[in-house]
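Participant: Sharing a sequence plus its predicted fold:
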Protein chains: 2
Amino acid sequence: MPVFSSVEKETEIPYGDMANALRALAMDAVEQARSGHPGMPMGMADAATVLFSRFMKIDPSKPDWADRDRFVLSAGHGSMLLYAINHLLGYADMGTDQLKRFRQLGSTTAGHPEYGHTLGVETTTGPLGQGLTTAVGMALAERMMNARFGDELVDHFTYVIAGDGCLMEGISHEAIDLAGHLLLGKLIVLWDDNGISIDGATSLSTSTDQLGRFEAAGWDVRRVNGHDHDALIDAIARARNTRRPSLIACRTTIGFGAPNKAGTETVHGAPLGAAEIEGAREHLNWPHAPFEIPTGVRTAWRKIAERGLLAREAWEYRFAFAEQREGFEAALAGRLPAVLSEKMADYKHALAAEAPKVATRKASEMALAVINEATELTIGGSADLTHSNLTITRGMMPIAACRYAGRYVHYGVREHAMAAAMNGIALHGGFIPYGGTFLVFSDYARGGIRLSALMGQRVVYVLTHDSIGLGEDGPTHQPIEHLAMLRATPNLNVFRPADAIETAEAWEIALSSERTPSVLALSRQNLPTFRTGDVRENQTAKGAYVVREPETHRDVTLLATGSEVEIALDAAGRLATEGVAAAVVSMPCWELFERQDESYRGGVLGEVPRIGVEAAARFGWDRWTGEHGRFIGMAGFGASAPAADLYDRFGITSDAVAHAARDLLNRA
Amino acid sequence: MPVFSSVEKETEIPYGDMANALRALAMDAVEQARSGHPGMPMGMADAATVLFSRFMKIDPSKPDWADRDRFVLSAGHGSMLLYAINHLLGYADMGTDQLKRFRQLGSTTAGHPEYGHTLGVETTTGPLGQGLTTAVGMALAERMMNARFGDELVDHFTYVIAGDGCLMEGISHEAIDLAGHLLLGKLIVLWDDNGISIDGATSLSTSTDQLGRFEAAGWDVRRVNGHDHDALIDAIARARNTRRPSLIACRTTIGFGAPNKAGTETVHGAPLGAAEIEGAREHLNWPHAPFEIPTGVRTAWRKIAERGLLAREAWEYRFAFAEQREGFEAALAGRLPAVLSEKMADYKHALAAEAPKVATRKASEMALAVINEATELTIGGSADLTHSNLTITRGMMPIAACRYAGRYVHYGVREHAMAAAMNGIALHGGFIPYGGTFLVFSDYARGGIRLSALMGQRVVYVLTHDSIGLGEDGPTHQPIEHLAMLRATPNLNVFRPADAIETAEAWEIALSSERTPSVLALSRQNLPTFRTGDVRENQTAKGAYVVREPETHRDVTLLATGSEVEIALDAAGRLATEGVAAAVVSMPCWELFERQDESYRGGVLGEVPRIGVEAAARFGWDRWTGEHGRFIGMAGFGASAPAADLYDRFGITSDAVAHAARDLLNRA
């Protein structure tokens, strides 16, 4: 049964008119902008009207109310559907002025929905399939929060509108496989089954039986006429009552209402044009001027907002008396307990005393043991490389279907879904997700990682096996250009710690970076702990710092990251015996170093010739070595052999560094 | 029915013994290397034995025979299966010495199979799902070649062994959807259905009914006991006789034969250990020493090679009398007709005279019109953005199920499959594939693009909408870090042409780069043609060149690419009126510029302050601007607005360039 009674009956405004309001606003806004996508909003207007008027539990006056239903427009190009809905519901930032400024600089009506930019946008969508997969993360987070705080505080649905493109993208497979496996029954996907993609009929490129496909992944499936309101109500009501995630194939006509263009690809991504719009107004019996909404229709939509407000107030009342109120608020705020920093300080102190020789992936596991014990905010996981990434710690129970109290997600061999689902978990609130794979497979997760950065989500990527140092698996598994790819990405902190202390520091920063995702690039091979003594100050937070300073003066600066700091230190030691004064700088995070003031940066780099050392591509290093500096690293792809042989083969050795230094100083 | 008679009957060596030889070699080689993956080879040894002994049409003495069946080990970690087979078949580079040097520097037995490094390896595999998808491209290429040259010359199967991981990866969805749609009946996938992935039982992370899933994608499916030779023979024989691509789920025990570890994740990726190997030898009744193969078993495997040789000779005989012999050879060699360079010269000459103001994506279409008319080698396509990427030219018929004579592939909204399938088409031979999407969606295709580069395949990526210049679609669609990501990738030429002439030149280089894939980053917006006059020399081939040189001296060099060359030229013009002598350099391909000699590079860059201008991330630019240079570009993500507003908003204007120049020269 629907959650809410019929707005249609109460206001005597037919759903068709409410839907036509969406259609008209979409076609008018696109026309005004002279760019945009009218086809999808016009096609899905009926389904959206039914969904919002009978089911959606949201309060536009408090868009971030924790127990709201989530609505994700995975087919993000149809953004005008969402903006039109939010306008009619009365979101504060979605006045007619904004609709008229669709796709203009500074408007809230960006080309694709952008999280953080516009109220009521739950996640940034546009790259197809991301919304669907992010929604899987949201639906999982809902169940996990429910497991912790109970039905009284957490009980909401995640609704998705997805298009043909979303379902063609590979990420959709990862998403539906994971959602089906985890029995995310409160995830409901409305598929805009309009048979049209940009190139033309979808029959140009696909013959898949989508219902069969989703069923094979353990979903509940049904098909409805996407313009039949009663059938839509019935389908959504039924979907809400299954234990399995649901797909509702809504058979629609793209551009519904456009007299000549409806049902063709011409309405997908271009304005209809004045004549066609006039025709549509006639066809839909919508005689109102552009952007004009009759009072009755507006009232009907506002009714939805009013009920949402009542629902929210009822929840607030329950919340006021809830036992777990404080814990719930702290979780939602993502506040780390004070004890964590104390425990981390103790841990680093002990590390510095012990100075273990461990791989940084192992050091990450050791840091995580401290972190995961001190806070329950963290949710771990791996794309089927748990015991290589070392992402699980003692006592972490796996999350499984109907066992949502766990803290570890077996994401399967699905790097892309892991990234997008982590975005969804972070966006939902209540958790800090981290997930592991090999650094090289950041390739497979790129689409999701970029959205972590664009949305500014606190997501931590634990990317181990970070260079040719992984050895025998060979070039397909050895990252070369990946550090560059990640460092070039805006708003992403890329850490490549050199020892156990730096690894702990990187974790501290990653956890406290509330609006920036982090990558931890970690070694497979063991590395000595060189940071001993006083480790109270987080040096990694400066991005780069001097780890060895010659006594009197500098002849040369050796810049290195991660596993190559050891090599640079060794080279500096050799050079010292020859009277060459080499400083060594560890650069665990370029982004943070870039943010230091010029005098600090200058002091660290030194006004001397500089050599960069990193078992990766040179690309980007000239920023630090200068034009006349040198670089010791990889010039091409790796090879399959034991790690030590590879370092020799590719000339990433303290010998080579020392040689380059001599050469640079003309002391050969 | 099987193609070949029973080796078992002829030699009286049971298939079980032939399979045990593979098992023993795999476990011994992994043990010797102290690293590797014995589980998959031991589990799939029976299926592989049956496949090779009854069906595979290959000639180890001529591994690149055009009409051979293709075998793709998509689960590339099981490389020892392939090496053991190739050893027993007698491939010239696969002696016992190589098996003993499994995963060692310089051996042919790399950790994962590497194309070009080892005979009989059809494609590089390791990143899961790539092999399967590349095989779709091979199977499509087979049908396309068949459509051109007939059954007599082209009639072979593409066999794949895929693991659970391959089927979990999103790319597998794109692959099977495309293959099912195109009815690639000669593609047969043997799925190693062992229920184990690295983290443990696959039930930890998936509940998908794979047979149902493949069936929904239009595949023929069946399930067999993967250790039952008769059942396997029957299943493969049936699969060969369907019009649809086939999935055979081979229920196997991972590490079959290992007495204690078989059936568990412990045999997946680590040596078995001496005791377990001893136990396996007993269990399998294989009393032979490590790497020792009894003569009978060796003879049985050689029989397969002998028959393959006969099959190849029969083909050679047919080929000798084939009408289309020359055309076939030219296609396979990928030789471009001489007329192409003449036509391109004429086209560029006309362009220079006309100097049109067109988007470089449009210029690409214009160049393709010339190219596609002059040669039939090119196979176009797009990931559902045909009329945005402008990748189709007049008269190109689409390829569809059973209509393989076309030259255009509607890849659907599947960037990753497009990249991998293009690799497969290129590897198969006979074609030069190119495919389009937006530059930003190179994110989705990264895994495939990297393999194009690693394998050195002539694949051309037509990546349009190459900056904030695409305008209203906003930050999810605006590439920022993508040029850096692609430029950092070894063996990939990244072109960002500035006008129609450079675009034509980029196409010329891309087509003639037989061992390097190319990216063409192309503008959505119109750009003036500034290269007029004599355009006989391909300036783009130098990577960078001076497009404006001040008369007497240089004060500053403005370096730009693509759409920003126009801005740099405008800035130089303004500066000239102020008495500042600015040279302008267009840098359409950094990789090619890097390869020029130092004196050329120095002359182009000039020993003066330098400013880089590119509507993208700064990352990588310091290489050219030097430490004290400036960069005018993007410092973060883009926004949704008309292109001109965005260039203003982000300060990528000739004003900003001129200002930076003055500032740099202290002439503010």
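Facilitator: All right, it came through fine.

Participant: need the contact list for A:Glu591.
Facilitator: By Cβ atoms under 8 Å, 6 or more residues apart in numbering or on different chains, the contact list for A:Glu591 reads A:Arg487, A:Leu492, A:Asn493, A:Val494, A:Gly543. Where you see a C-beta, it was placed from the backbone N, CA and C, and this is true even at glycine.

Participant: Also near chain B: which of those residues, exactly?
Facilitator: The subset of those within reach of chain B, by Cβ under 8 Å from any Cβ of the partner chain, is A:Arg487.

Participant: In the contacts of A:Glu591, find the pair that's most separated.
Facilitator: Largest separation among the contacts of A:Glu591 by Cβ to Cβ: A:Leu492 and A:Gly543, giving 13.6 Å.

Participant: one step back: closest to chain B out of the contacts of A:Glu591?
Facilitator: Of all these, A:Arg487 has the smallest distance to chain B: 6.3 Å, by Cβ to the nearest Cβ.

Participant: so the nearest residue to the closest one once chain neighbours are set aside, which of the three states?
Facilitator: Distance criterion Cβ to Cβ, 6 or more residues apart in numbering or on different chains; nearest residue to A:Arg487, sequence neighbours excluded, is A:Val494 at 5.0 Å. What DSSP: H, G, I helix; E, B strand; the rest coil gives for A:Val494 is strand.

Participant: can you check A:Leu140 too?
Facilitator: Going by three-state DSSP: A:Leu140 is helix.

Participant: That one touches A:Arg403, doesn't it?
Facilitator: No: when contacts are counted by Cβ atoms under 8 Å, A:Leu140 is not listed as touching A:Arg403 (11.9 Å).

Participant: Who has more neighbours out of those two?
Facilitator: Taking neighbours as other Cβ atoms under 10 Å in any protein chain shown, A:Leu140 and A:Arg403 compare with A:Leu140 leading, 27 against 13.

Participant: Check which residues of the worst-scoring helix or strand of chain A on mean pLDDT are buried.
Facilitator: For chain A, counting by mean pLDDT, DSSP states H and E, helix A:7-11 ranks last in confidence among helices and strands (a mean of 91). Within helix A:7-11, the residues that count as buried by 16 or more other Cβ atoms under 10 Å in any protein chain shown are A:Val7, A:Glu8, A:Thr11.

Participant: Which one of those residues is nearest to chain B?
Facilitator: Nearest to chain B out of those is A:Val7 (Cβ to the nearest Cβ; 31.9 Å).

Participant: ok, the closest residue to chain B within chain A - contacts?
Facilitator: Residue of chain A nearest chain B, by Cβ to the nearest Cβ: A:Gly170 (2.8 Å). A:Gly170 makes contact with A:Gly129, A:His416, B:Glu169, B:Gly170, B:Ile171, B:Ser172, B:His173, B:Glu174, B:Arg414, B:His416, B:Ala417, B:Tyr444, according to Cβ under 8 Å, 6+ apart.

Participant: Could you list which of these belong to helices?
Facilitator: Counting by DSSP state H, the part of the contacts of A:Gly170 found in helices is A:His416, B:Gly170, B:Ile171, B:Ser172, B:His173, B:Glu174, B:His416, B:Ala417, B:Tyr444.

Participant: which residue sits closest to the first one, ignoring its sequence neighbours?
Facilitator: Same thing as A:His416. A:His416's closest residue in space is A:Ile171 (Cβ to Cβ, 6+ apart), at 4.7 Å.

Participant: The one you found contacts A:Gln130, doesn't it?
Facilitator: Yes: using Cβ under 8 Å, A:Ile171 is in contact with A:Gln130, at 7.0 Å.

Participant: any common contacting residues for those two?
Facilitator: With Cβ under 8 Å, 6+ apart, A:Ile171 and A:Gln130 have common neighbours A:Ala420, A:Gly447, A:Gly448.
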